[in-house]
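Asks: no FASTA, just this:
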DNA sequence: CGTCTATTTGAATGTACTCAAAAGCGGTGG
DNA sequence: CCACCGCTTTTGAGTACATTCAAATAGACG
């Protein structure tokens, strides 16, 4: 039970059996079907999710009806609206399942307890956010400095697996372009 | 000594005098003149910097000679190339002073020691990176979904102080547009 | 098989860029 | 203190990148 989850933690911290137990007691599991909405923008994001199967999409809705896909979260990735989760504010982003998906999750109150009982977890999430920080920084400079064509080529190279699993309209919204223009790029 | 630095830490953690002392022993100070380069892309970023006066700019050079400004770091902000700092790789970003600037800094080896002696610091940086993560996420969705005009208007609103201190060409490179186009936007 | 949604295609438009030249501004030296 | 030099900002014309709108085609699902 929870093997993948603890493998993920093991990337940055070592846990004794009793420590794993402490975490396990706060851990929950959920299955969500394709197209189901896990978090609706405006709601409170009370849990942080870890994907064990399938794929989630974190996205933002814009007033004009368009969307931006912030992140795709396949197996072994984490997902949440971090501002809502950590500051108790309404979420800006929505999260939905692109496939039938299985997740583990911890509530924010349980995580706060765990931070106190197990300071190692601060280390784990410090490194997780540090890496996420660097990832978004790189994506930001890419978005600000490169054409859609370059960004698409890089996406293909970096996430070849996702290419075949994710609808083009979602890839387009991840790249910050329209599905129509993505289709034009692909023809080249 | 180091008041602003410890005020910054106090935003997220409480420190006893002896704990401050442990940190102080690892802390260094430096003054850099306007236009001086603090970190050159390709070098190793061995320190994490905290600005007490002046303003730093973190930026990336592109093959065509253009630049992207990733972040402006005035008083009370942190600066470093986090991948280089945490993983010991050559840095992708450069850091320079936009004004005569004073900084406090800790080396990566000293910070590792401090993480072990003072697990609270893991918490501090966990929250710092968590916030930075959220900040870049928001900037990314803005860059992907909004026109340069909207982004410029928002920059003015969010950082009115920086507006009057930072050259337009740097603001343009922060917004991901050319100085020429920024000038056109401003005329409207 | 039919319906609904996603993708492709084409034409017209808008946003942002390049190149080039002029104007403005700041610092330095005479 | 002024004149000059170098760099930044502005302005204009022409171009490239990406969008909108509309219609046709292709795919997915019941």
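Replies: Yep, that arrived. Everything numeric here is computed off the predicted structure, so don't read it as measured data. Numbering: from 1, shown residues only, chains lettered A, B, ... in the order given.

Asks: who are the contact partners of residue A:156?
Replies: residue A:163 (C-beta atoms under 8 Å, 6 or more residues apart in numbering or on different chains). In this view, the C-beta of every residue, glycine as well, is placed from N, C-alpha and C.

Asks: next one: it, what pLDDT does it get?
Replies: Residue A:156 is assigned 95 on the pLDDT scale.

Asks: count the neighbours of residue A:77 for me.
Replies: Applying other C-beta atoms under 10 Å in any protein chain shown, we find 15 residues neighbouring residue A:77.

Asks: and the residue lying closest to it once chain neighbours are set aside, what are its bridge partners?
Replies: Leaving out its chain neighbours, the residue that sits closest to residue A:77 by C-beta to C-beta, 6 or more residues apart in numbering or on different chains is residue A:51, at 5.3 Å. Per DSSP bridges, the residues bridged to residue A:51 are residue A:103.

Asks: how many other residues sit next to residue A:51?
Replies: 24.

Asks: what is the burial count for the closest residue to residue A:141 other than its chain neighbours?
Replies: Leaving out its chain neighbours, the residue that sits closest to residue A:141 by C-beta to C-beta, 6+ apart is residue B:68, at 4.8 Å. By other C-beta under 10 Å, 21 other residues sit near residue B:68.

Asks: how far does stretch A:143-155 sit from its chain's centre?
Replies: Chain-centre distance of stretch A:143-155: 21 Å, with C-alpha atoms, centre = their mean, to the nearest Å.

Asks: do stretch A:172-188 as well
Replies: On C-alpha atoms, centre = their mean, the centre of stretch A:172-188 falls 22 Å from that of its chain.

Asks: how long is that stretch end to end?
Replies: 16 Å (C-alpha to C-alpha, to the nearest Å).

Asks: related to what we said a few turns ago, the residue nearest to residue A:77 and residue A:74 touch, don't they?
Replies: Yes: between residue A:51 and residue A:74 there is a contact at 6.4 Å, judged by C-beta atoms under 8 Å.

Asks: residues from chain A in reach of DNA strand D?
Replies: Residues of chain A lying close to DNA strand D by C-beta under 7 Å from any atom of the strand are A:64, A:66, A:147-149, A:176-178, A:180-181, A:184.

Asks: re earlier: so the residue nearest to residue A:141 is in which element?
Replies: Taking DSSP states H and E as the criterion, the element that holds residue B:68 is strand B:67-74.

Asks: list the pairing partners of that strand within its sheet, with orientation.
Replies: strand B:55-61 (antiparallel).

Asks: after the lowest-mean-pLDDT helix or strand in chain A, next one along is what?
Replies: For chain A, scoring each helix and strand by mean pLDDT, DSSP states H and E identifies helix A:160-163 as the least confident one, at a mean of 93. The helix or strand immediately downstream of helix A:160-163 is helix A:168-175, counting by DSSP H and E.

Asks: follow the chain on from that next one and name the next helix or strand.
Replies: Following helix A:168-175 toward the C-terminus (DSSP H and E): helix A:179-187.

Asks: does that following helix come close to DNA strand C?
Replies: Yes: judged by C-beta under 7 Å from any atom of the strand, helix A:179-187 and DNA strand C are in contact via A:179-180, A:182-184, A:186-187.

Asks: sketch out the helices for chain A, chain order is fine.
Replies: Under the criterion DSSP state H, chain A contains helices at A:3-10, A:17-24, A:82-87, A:108-117, A:120-145, A:148-158, A:160-163, A:168-175, A:179-187.

Asks: quick one on the thing from earlier: are any of the residues of chain A next to DNA strand D buried, and if so which?
Replies: Buried by 16 or more other C-beta atoms under 10 Å in any protein chain shown: A:148-149, A:176-177, out of those.
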